[in-house]
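Colleague: Next one to model:
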Amino acid sequence: MTTALATTAAGARPRARGARLVEFLMVGGLTPLLFPLSWALREAFGLSEAEYWTGFTFFYAAHLINDPHFSVTYLLFYEDGRARAFGGRFSRWQRARYLAAGIGVPLLVGGWAIGCLWTQSAFGLGLMIQLMFLLVGWHYVKQGFGVMVVLSARRGVRYSKRERLALLAHCYAGWAYAWASPFDPGHEAVEKGVFYSTFAHPGWLEPLTLTVFAASTVWLVAELAAKTLRDGRLPPLAPLTGLLCAVWAWSVFSQVDPLVRYAVPALHGLQYLYFVWLLKGNEAREREGPPHFETSARTRLVILVASALALGLFLFDLAPMGLDDYFAPGAGQTRDLALGATPYFAALYCFVNIHHYAMDAVIWRRDNPQTRYLRG
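Modeller: Presented below is the predicted three-dimensional model:
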């Protein structure tokens, strides 16, 4: 018996180490590995050739990572929606958030997009694009904060209110500085074929946000150092890596490497999908046993993956291509060239992004009873 237990434990340790390594790479650990790889590719093939193949690779990788990371949010959010919105599953405030993100935001943003398309307003779509770019930084750093807190908790590490405040302050300061930098006096830009003018930043915005970001860095280092001395151990590596990558590598300095910048959306998507896998994997394993005896965990997860891939294909390929082919005037017709050839793709892309940020702010709150599956 003792020998059998020892053998089992010895076999379990490599599996546990392997799982921790996968977790580390998924939540951000791949990022520092890509910088030397980028340098090697540029040295071997030159910037132009390396950039072409990197862009090509991550354009198609979007079908497997980026697009499903958006679409799976709809599958998580609207699952059993009636009970969540009007039943007793959520608290009163969580129900209000659910209704706001599930009904209010899509009506508001969808109406905005339809109005812009109906009136051929490049200015209106430009405003929506700028809102999307403003919120994407918030979304990235908030996810980094969640990675730090949740994965630390899974390792038995908790943070005081003061420490959590320091973490959040650093995240928000990083978001502000990333948005304000570099200084933008206002310029003409194009996104998904839509031409628009950006809002000018005041000259003091970049240095101010940099100062706040630097101060938040000092505060966070001081808090983590004090916690290390008090607890007698360093902060867990994977959670800390996930936080720092989300704030520093994917937000503040996302443009520092000409090749790695193509990978940032995919790295963020992998981080997100890892937590979806934890959430739904633990739920599926619980529900395949007593007292539920539902479909096997493997079957449920395969269905989830297939559904996310199919919905992603519809949202980012089939629907926008069909709408642009059917509704957008052809080359021989008069049209507002500022909207480009794919205005419906631009509008739907902005809609899905903004709605994704809103739904995420509800799904991953502690008020959501399903987040208990992240603890196991």
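Colleague: where does the stretch 1-150 of the chain have low pLDDT?
Modeller: Scanning the stretch 1-150 of the chain for pLDDT under 70 picks out 1-15.
Colleague: Excluding sequence neighbours, find me the nearest residue to Lys238.
Modeller: That one is not Lys; residue 238 is Ala. Phe24 (4.4 Å; Cβ to Cβ, 6 or more residues apart in numbering). All C-beta atoms are positioned from the backbone trio N, CA, C, and that covers glycine.
Colleague: Next, count neighbours for that neighbour.
Modeller: 18 (other Cβ atoms under 10 Å).
Colleague: and the end-to-end length of stretch 82-92?
Modeller: One end of stretch 82-92 sits 14 Å from the other (Cα to Cα, to the nearest Å).
Colleague: Tell me the buried residues in it?
Modeller: The neighbour-count check on stretch 82-92 (16 or more other Cβ atoms under 10 Å) flags 84-85, 90 as buried.
Colleague: Then stretch 228-244?
Modeller: For stretch 228-244, using 16+ other Cβ under 10 Å, the buried residues are 235-236, 238-244.
Colleague: helix or strand for Pro106, which one?
Modeller: Per DSSP states H and E: Pro106 is located in helix 105-119.
Colleague: same thing with Leu348?
Modeller: Assigned by DSSP H and E, Leu348 belongs to helix 343-363.
Colleague: gap between that helix and the chain center?
Modeller: 12 Å (Cα atoms, centre = their mean, to the nearest Å).
Colleague: likewise stretch 28-39?
Modeller: On Cα atoms, centre = their mean, the centre of stretch 28-39 falls 19 Å from the chain's centre.
Colleague: so which helix or strand takes in Leu279?
Modeller: helix 260-287.
Colleague: Starting from that helix, tell me the next helix or strand along the chain.
Modeller: Criterion used, DSSP H and E; the element after helix 260-287 is helix 297-313.
Colleague: buried set for that next one?
Modeller: Under the neighbour-count criterion of 16+ other Cβ under 10 Å, helix 297-313 has 297, 300-301, 304-305, 308-309, 311-312 buried.
Colleague: Please produce CSV containing those, extended by pLDDT and distance to Leu337.
Modeller: As requested, the buried residues of helix 297-313 are exported to CSV (pLDDT from 0 to 100; distance: Cβ to Cβ, whole Å):
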residue, pLDDT, distance to Leu337
Ala297, 92, 52
Arg300, 95, 48
Leu301, 96, 46
Leu304, 97, 42
Val305, 97, 40
Ala308, 98, 36
Leu309, 98, 35
Leu311, 98, 32
Gly312, 97, 30
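Colleague: Give me the buried positions along the longest helix anywhere in the chain.
Modeller: Longest helix in the chain, counting residues (DSSP state H): helix 122-154. Judged by neighbour count (16+ other Cβ under 10 Å), helix 122-154 contains these buried residues: 122, 124-132, 135-152, 154.
Colleague: Which other helices and strands does that helix contact?
Modeller: Identification of packing neighbours for helix 122-154 by 3 or more Cβ pairs under 8 Å, 6 or more residues apart in numbering; DSSP states H and E yields helix 105-119, helix 161-180, strand 194-197, helix 237-244, helix 260-287, helix 343-363.
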